[in-house]
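**Student:** whatever this is, show me its structure:
(chains A, B and C)
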Amino acid sequence: MNLSVAEDVLNKLVDDLREKFGDKVLEVIVEPKKIVKILIAPDRIKDVAQYLKSEWGMDYVKGVTSVDLSRLPSKAQDGLEVIYHVSSLSSDVLRGVTLSLSTKVSLSNPIMPSLVNIWKGAEMHEREVYEMLGVSFEGHPDLRRLILPEFWSDKPPLRKEYVVPGRER
Amino acid sequence: MAREEVKSLEVYEGGPALTFSMGPQHPGTGHFRMILTVVGDVVVRCDPDPGFVHRGEEKMCEYKTWITNIPHLERPAILDSAGMTYPYVLAVERLMGVEPPERAKYLRVIMAELQRICSHLYWLGLMGVFAGHATMYMWCFGDREYLVDLTQLIGGQRITHSYFVPGGVRNDAPVNVPKELMKDFRRYYRMMLGKDYPGGEVPEDFRKYALAVCDFFDTRLDEYYPMLLDSSIFIYRTKSIGVLKKEDAVSLGVVGPVLRGSGVKSDTRIDEPYDAYPYIKFNVPTMEGCDSYSRMMVGYYEMKESVRIIKQAIEQMPEGPVKLKQHPVTIRVPAGEVFASAEAARGQCSIYIRSDGTDRPYRVKICSPSFRNIIAIPHLIREVRIADVPIIYWSLNYWPVECDR
Amino acid sequence: MGIAQGVKRTLMPIYSGLKHVFLKPYTVKWPYEKVPNLPDEGYRFDPKAGIGYPGSKGRHMLYMEKCTGCGSCDLACQNIAEAITMTYGFDVVIVMDEKCYEHFKASTPEIVGALDAIVSSFSAEPSYIQYNSLSSFFWTPTDIRQVIKIEGGYEIKLNLEPIFDARAVEILYQKVYTAVEKLRTAGWELRKHEAATESASVELSKHDFTVKVLVRKIDMGYKQNKRSLFPSVDYGRCVMCGFCVDACPFQALEMTSEFEISAISRRELVYTPNMLAKRPEELNVTGVPPELNVIERTRMVFRRLVW
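**Tutor:** Just a heads-up that it's a prediction; the model follows:
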């Protein structure tokens, strides 16, 4: 896929989203070689996802990530950033492009709507984020632990406040 | 047995259901458990339970430096260590804004494709065991030895090479092949094909030797077809078992041979070409059958394509440096975010990195192919016989360690 | 299609398998026969060009005349496997003053008993193994009757080859301290206790006798390595990635093609600098094993002639 073509399409996509959702699009990074990230307010994430799927053909989930932002040296924030890496297999223009749709939830009360109803493939990814970073997804059909053992009673391990025993820096 | 046929078995309806664990002691390869609910011998529900081999690779990445992350990142899939470290290396390079030298790009492609063949041979060989065909296991492992030797000549180890580093590869390919290996290959050639090596002497030059091994392996692949893939045992066991429809495959987000076996032509090497893949001609095999047989055939044709890629890469490989000059162990990476993908043996492997400008990553997320395929397990293992469970499970080429990370 | 295809699909696998029945077998009788598929050379790294040379990544080879003890390999390994530790070589000696030695010669039971306790605890397997400790496993006891005259007293050296460890006090704790505890119950008084990285000692006294156990660093006499600090590798942890070789700025560390590293206990997997400095023995065919019967032996000889 030609990078300049992809950049044009992505810029169009971002403009479209800005027009549709206005100030709910909080932050946009378009660097086709690295990452294309759109930060959305958590209350409209479901609508944006639905819009992306129906209008732009974004139907393929590559992964769901969450990042604990509390120890960033530049601008530490009290929050978790949940990122959906989505792509498209039905549209030829967007095939090689990965769009990172992200939202921020607070560390103390990390609740956001689940996107499983829109992207079915996100089911296991959301379960993993739930146990590893403690984000609970409202409306997930089967929000259980996936990888961690049953007896795990500590903090969610991928949060920065959890320190691996014997590895205190 | 087709799903419709199982549904029509009225006798099991309303019978008492039984729930039990399959695993975690190796239902196939690695510790992984499926909680099956059966009525009679028809599975009505499957709940996959991974996590028995979870090592916390993502947390470990936050404690180790950029280069020292490489040896442990290849541990989740040791058969395919190149495929696992490839996206990481690409991601770090994109963050640093550097490009490896041309020769390094070709060496990386050769290594990745050799490991793809090794991994697929393991897949095919164990599929033979699962389908009651032990000869295939022996054949696959015997032929795999010479491809593993090629990776060992380049990377120094049989499976975990730590060969890719940001900015190139760690060393060039050797010039010559050891004399004993040439002798050994000649002997194996005679044993397997029943005739002497054409021209008598196996070439000593590394490039020519690699081409000779590729040619030999191509001939052997032609023998695999009547032996396993076109034999009646295998066809009865795998045809129309575990059907994953095209639209399901897309919506579930499966990757690799599972996706291509459902008729979706998607390959990271074509969609987002990286390194030397844009300069190489190859096809992306797809099958329309959507069942276990199609997935195995996709794997089989992929090996043929990989052989083609290796041959072209060896012929096109230019001379020159293989690595950028930089400190061998401590490098610093500018702050930023990156999402990079590469085609590992089991499908697309993606890595998301967030760097804060220090000597360690702030967050590394590995979207490994097996983790993305796990969602297909409860979808496929439903309304099938218990005897078909291993076939469906292994046709997904599911690798528990890679899933758990 | 139909029947013809069915017949083909049934018969072709049998045919392609049958072809191999009449071909020569390939099995290699390892370890009597060598598996001939290793690159002979080891992995090396050129720090000036910044590039490695292809080769096997087997066990390491240390060039002691090049190593400066900078610890770069240790640092590189800290984040990977924590297999490498920088170690000193140590001697363990018992020091007696003149009066004490006279009594020793006269076989005064208290002195002889004390020395006996120290020597036996030194020779015994340590009762506990410190987590991550690296005391070398192989050491050869000396003839302890050999007493050396030093200034103001006599000393008995306990080990023939140096014992390698990161800290001197570890050796004291692991190899001598059991005897000290025993002697204290027997009325000996622990007078002085020095515990440092490069030397450690214990001074015991009873009545007028004073016995001192001293762990002292050996100066290896390498000009470029004044501290005599060399890496030890724990192969129970090493993952053979070779990043330590890349990290060495003096080409003192290489890898060899030896891969058959096995041991009965985990402590034997700790390779000391002296062991790393030796070339691996030639990985040759060991020859036809004597325990095989005549037919097997003839077949093995015959097979080697044919290949």
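**Student:** most proximal residue of chain A with respect to chain B?
**Tutor:** Minimum separation of chain A from chain B (C-beta to the nearest C-beta) falls at residue A:121, amounting to 2.8 Å. Any C-beta I mention is one placed from the backbone N, CA and C, and that applies to glycine too.
**Student:** can you tell me the closest non-neighbouring residue to that residue?
**Tutor:** residue B:253 (2.8 Å; C-beta to C-beta, 6 or more residues apart in numbering or on different chains).
**Student:** again with residue A:26
**Tutor:** In space, residue A:26 is closest to residue A:39, 4.4 Å off (C-beta to C-beta, 6+ apart).
**Student:** and for residue B:271?
**Tutor:** Distances taken as C-beta to C-beta, 6+ apart place residue A:96 nearest to residue B:271, at 4.0 Å, with adjacent residues excluded.
**Student:** the residue nearest to the spatial centre of chain A in helix, strand or coil?
**Tutor:** Taking C-alpha atoms, centre = their mean, the centroid of chain A lies closest to residue A:83, which sits 1.6 Å from it. At residue A:83, secondary structure determined by DSSP: H, G, I helix; E, B strand; the rest coil is strand.
**Student:** give the bridge partners for it, please.
**Tutor:** residue A:65, residue A:102 (DSSP bridges).
**Student:** hmm, back to that, what's near enough to touch the residue nearest to residue B:271?
**Tutor:** A:1, A:6, A:87, B:271-272 (C-beta atoms under 8 Å, 6 or more residues apart in numbering or on different chains).
**Student:** now these in TSV, with neighbour count?
**Tutor:** Shown next, in TSV, are the contacts of residue A:96 (neighbours: other C-beta atoms under 10 Å in any protein chain shown):
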residue	neighbour count
A:1	16
A:6	20
A:87	24
B:271	20
B:272	23
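**Student:** report the central residue of chain B.
**Tutor:** residue B:345 (2.1 Å).
**Student:** I'd assumed residue B:80 was in contact with that one.
**Tutor:** Yes: shown here, residue B:345 and residue B:80 form a contact pair, counting by C-beta atoms under 8 Å, at 4.2 Å.
**Student:** pull up the overlap in contacts between the two.
**Tutor:** Common neighbours of residue B:345 and residue B:80 (C-beta under 8 Å, 6+ apart) are B:115-116, B:119.
**Student:** is it possible to export the residues you listed to a markdown table including distance to residue B:368?
**Tutor:** Shown next, in a markdown table, are the shared contacts of residue B:345 and residue B:80 (distance: C-beta to C-beta, whole Å):
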| residue | distance to residue B:368 |
| --- | --- |
| B:115 | 15 |
| B:116 | 15 |
| B:119 | 13 |
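**Student:** those residues: which ones sit near chain C?
**Tutor:** Among the shared contacts of residue B:345 and residue B:80, no residue lies close to chain C (C-beta under 8 Å from any C-beta of the partner chain).
**Student:** burial check on the closest residue in space to residue C:235 that isn't next to it in sequence, number of neighbours?
**Tutor:** Of all residues not flanking residue C:235 in the chain, residue C:269 sits nearest, at 4.4 Å (C-beta to C-beta, 6+ apart). By other C-beta atoms under 10 Å in any protein chain shown, the residues close to residue C:269 number 18.
**Student:** residue C:239 versus residue C:269, what's the distance?
**Tutor:** 13 Å (C-beta to C-beta, to the nearest Å).
**Student:** next: residue C:266.
**Tutor:** On the measure of C-beta to C-beta, residue C:266 and residue C:239 end up 16 Å apart.
**Student:** higher neighbour count, the two?
**Tutor:** A count of neighbours by other C-beta under 10 Å puts residue C:239 above the other of residue C:266 and residue C:239, at 18 against 13.
**Student:** lowest-pLDDT helix or strand in chain B?
**Tutor:** helix B:3-7 (a mean of 53; mean pLDDT, DSSP states H and E).
**Student:** pull out the buried positions in the helix or strand following that helix.
**Tutor:** Next in sequence after helix B:3-7, counting helices and strands by DSSP states H and E, comes strand B:17-22. Neighbour counts over strand B:17-22 (16 or more other C-beta atoms under 10 Å in any protein chain shown) mark residue B:22 as buried.
**Student:** same check, this time on stretch B:96-108
**Tutor:** For stretch B:96-108, by 16+ other C-beta under 10 Å, it's B:96, B:100-108.
**Student:** want to throw these into CSV with secondary structure and distance to residue B:186?
**Tutor:** Output for the buried residues of stretch B:96-108, formatted as CSV (DSSP: H, G, I helix; E, B strand; the rest coil; distance: C-beta to C-beta, whole Å):
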residue, secondary structure, distance to residue B:186
B:96, helix, 45
B:100, coil, 35
B:101, coil, 34
B:102, helix, 33
B:103, helix, 29
B:104, helix, 31
B:105, helix, 32
B:106, helix, 27
B:107, helix, 26
B:108, helix, 30
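**Student:** and those, which two are the farthest apart?
**Tutor:** By the measure C-beta to C-beta, B:96 and B:106 form the most distant pair in those, at 20.8 Å.
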